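*Asks:* Sequence plus predicted model, see below.
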Amino acid sequence: NAGVTQTPKFRVLKTGQSMTLLCAQDMNHEYMYWYRQDPGMGLRLIHYSVGEGTTAKGEVPDGYNVSRLKKQNFLLGLESAAPSQTSVYFCASSRDRVETQYFGPGTRLLVL
Amino acid sequence: SQKIEQNSEALNIQEGKTATLTCNYTNYSPAYLQWYRQDPGRGPVFLLLIRENEKEKRKERLKVTFDTTLKQSLFHITASQPADSATYLCALRGGSTLGRLYFGRGTQLTVWP
């Protein structure tokens, strides 16, 4: 049981470049989430999904898109990266809306 | 808008003492509150959940209280150890918000020998 995995672990982008962060979970969880964590800001929800084929906006969705084509995967895309998107990105999953969230190890993104 | 405040950014205590971390919230009526632990370079790990109708929850050396009148949760670690050094996050979820948690900024706890 790998839990929640994220790829890549670290990435450097130039302004304007695009990339996709992949999150995978093997716990058969319905709910999946993408957060960003910045110093002094805490974890902020970017987008989330309540099931395969669904997505919804969180607190800070601008500049990001997501897709949940398979239940076990949740992709976060940056179409045109900006320095303000330099952050640590965490994916999480939960069985339902009440259950605790299980987090991945994070992806560190640096946008130059 | 909702606001969650954790008492301080850093807390330093001696091994064996009880660490008490505070989480205060405003403009919010959470259905439940969770506490997570986060080690440097890693994702948060769930510790305890307490519901709005519960006053206290315990797990081994951990204890959480929830006072909806004061809009406050206290997180206690008794007989603290250097291995308890980490950042502790509180998170709240309202009854009507589908799975969304709102996190505090965290308190960095250091337990020195």
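*Replies:* Noted; the coordinates are in hand.

*Asks:* quick one: stretch B:37-53 near chain A?
*Replies:* Yes: contact of stretch B:37-53 with chain A (CB under 8 Å from any CB of the partner chain) involves B:41-46, B:49. Glycine gets a C-beta too; all of them are placed from N, C-alpha and C.

*Asks:* Quick one: residues contacting the closest residue to A:Val4 other than its chain neighbours.
*Replies:* Leaving aside its sequence neighbours, A:Val4 sits nearest to A:Gly104 (CB to CB, 6 or more residues apart in numbering or on different chains; 3.9 Å). Under the criterion of CB atoms under 8 Å, 6 or more residues apart in numbering or on different chains, the neighbours of A:Gly104 are A:3-6, A:23, A:90-92, B:43.

*Asks:* My reading is that A:Val66 lies in a helix. Confirm?
*Replies:* No: applying DSSP: H, G, I helix; E, B strand; the rest coil, one finds A:Val66 to be strand, outside a helix.

*Asks:* ok, it to chain B distance?
*Replies:* 15 Å (CB to the nearest CB, to the nearest Å).

*Asks:* That residue contacts A:Leu76, doesn't it?
*Replies:* Yes: in terms of CB atoms under 8 Å, A:Val66 counts as a neighbour of A:Leu76; the distance is 5.5 Å.

*Asks:* residues from chain B in reach of chain A?
*Replies:* B:4, B:32, B:34, B:41-46, B:49, B:89, B:91, B:93, B:98-101, B:103-106.

*Asks:* Narrow the residues you listed to those that are buried.
*Replies:* B:4, B:32, B:34, B:43-44, B:46, B:49, B:89, B:91, B:93, B:99-101, B:103-106 (16 or more other CB atoms under 10 Å in any protein chain shown).
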